[in-house]
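**Student:** Below is the structure, and that's it, no one-letter string:
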């Protein structure tokens, strides 16, 4: 079960943007081998990855609105495209490569999470500041907390992604053995349907469905 808080949508509207969130849900999922060619094709289709992109500029507006500094902690799509421009996009496994390829191609933040590890409702909310977030710092496991007012994804246990779509936690990360997953696609002033449909077409699963959450 998923939910998007209205005050998060209002935050986006306060800086002139309308947010949309799609979920691609896959059950009976099979990861398959890594797909470096998929990433290569996405980079080729994306055009000039060093040029300013209006969708990523919109995300910078929203990040600033909740107190983040996008030049230091950019949204996942901007960070990924910067790495791709340097030729630095590692091929991980079939699942991660699929959503990274779509993210690069459309300049859309996408996160993938193992639904078997989620507890209760995963929701997009403003943080109180005391929620735990399991991450890695200096190569070692660490627990941090978001800033009060920061936009986060969380379930009934802890934060699953900080700064909306900046960094995902370790607990819900996809692995090669994941069989039930949710891929969260997030957009500002754009139609996410083409990106969601492409991602669905790249997955191998018994059941795949696309839901609009906001």
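**Tutor:** Cool, got the structure. Remember, predicted model here, so these are calculated numbers, not experimental data.
**Student:** going forward, measure contacts between C-alpha atoms and count neighbours the same way
**Tutor:** Fine.
**Student:** Could you list every helix and strand in contact with the helix or strand harbouring residue 197?
**Tutor:** In this structure, residue 197 sits in helix 193-202 according to DSSP states H and E. When contacts are defined as 3 or more CA pairs under 8 Å, 6 or more residues apart in numbering; DSSP states H and E, helix 193-202 sits against strand 19-27, helix 94-106, strand 207-212.
**Student:** now the last one against strand 19-27, angle please.
**Tutor:** Taking axes from the mean of the first three to the mean of the last three CA atoms, to 10 degrees, one finds strand 207-212 and strand 19-27 inclined to each other by 170 degrees.
**Student:** tell me the angle of strand 207-212 relative to helix 193-202?
**Tutor:** Angle, strand 207-212 to helix 193-202, by the same axes, to 10 degrees: 170 degrees.
**Student:** List the buried residues for strand 207-212?
**Tutor:** Residues 208, 210 are the ones in strand 207-212 that count as buried (16 or more other CA atoms under 10 Å).
**Student:** Show me where this structure has its helices.
**Tutor:** Remark: helices assigned in the chain by DSSP state H are 6-14, 36-46, 54-65, 76-85, 94-106, 193-202.
**Student:** Specify the beta-bridge partners of the nearest residue to residue 210 once chain neighbours are set aside.
**Tutor:** Residue nearest to residue 210 in three dimensions, not counting chain neighbours: residue 24, with 4.6 Å by CA to CA, 6 or more residues apart in numbering. Listed beta-bridge partners, residue 24: residue 183, residue 210 (assigned using DSSP bridges).
**Student:** correct me, but residue 24 touches residue 193?
**Tutor:** No - if you go by CA atoms under 8 Å, residue 24 and residue 193 don't touch, sitting 10.5 Å apart.
**Student:** Between these two, tell me which one has more neighbours.
**Tutor:** Taking other CA atoms under 10 Å, residue 24 and residue 193 do not tie; residue 24 has more neighbours (20 against 13).
**Student:** Any idea what residue 124 is bridged to?
**Tutor:** Counting by DSSP bridges, residue 124 is bridged to residue 4, residue 153.
**Student:** I'd say it and residue 156 touch.
**Tutor:** No - contact criterion CA under 8 Å: residue 124 and residue 156 do not qualify, at 11.9 Å.
**Student:** which of the two has more neighbours?
**Tutor:** Higher neighbour count among residue 124 and residue 156: residue 124, with 24 against 11, using other CA under 10 Å.
**Student:** Contact partners for that one?
**Tutor:** 3-5, 8, 151-154, 164 (CA atoms under 8 Å, 6 or more residues apart in numbering).
**Student:** switch to 6 Å and redo it
**Tutor:** By CA atoms under 6 Å, 6 or more residues apart in numbering, the residues touching residue 124 are 4-5, 152-153.
**Student:** Looking at these, spot the one nearest residue 93.
**Tutor:** Distance to residue 93, by CA to CA, is smallest for residue 153 among those, at 23.5 Å.
**Student:** List the residues that contact that closest one.
**Tutor:** Residues in contact with residue 153 (CA under 6 Å, 6+ apart) are 123-124, 159-161.
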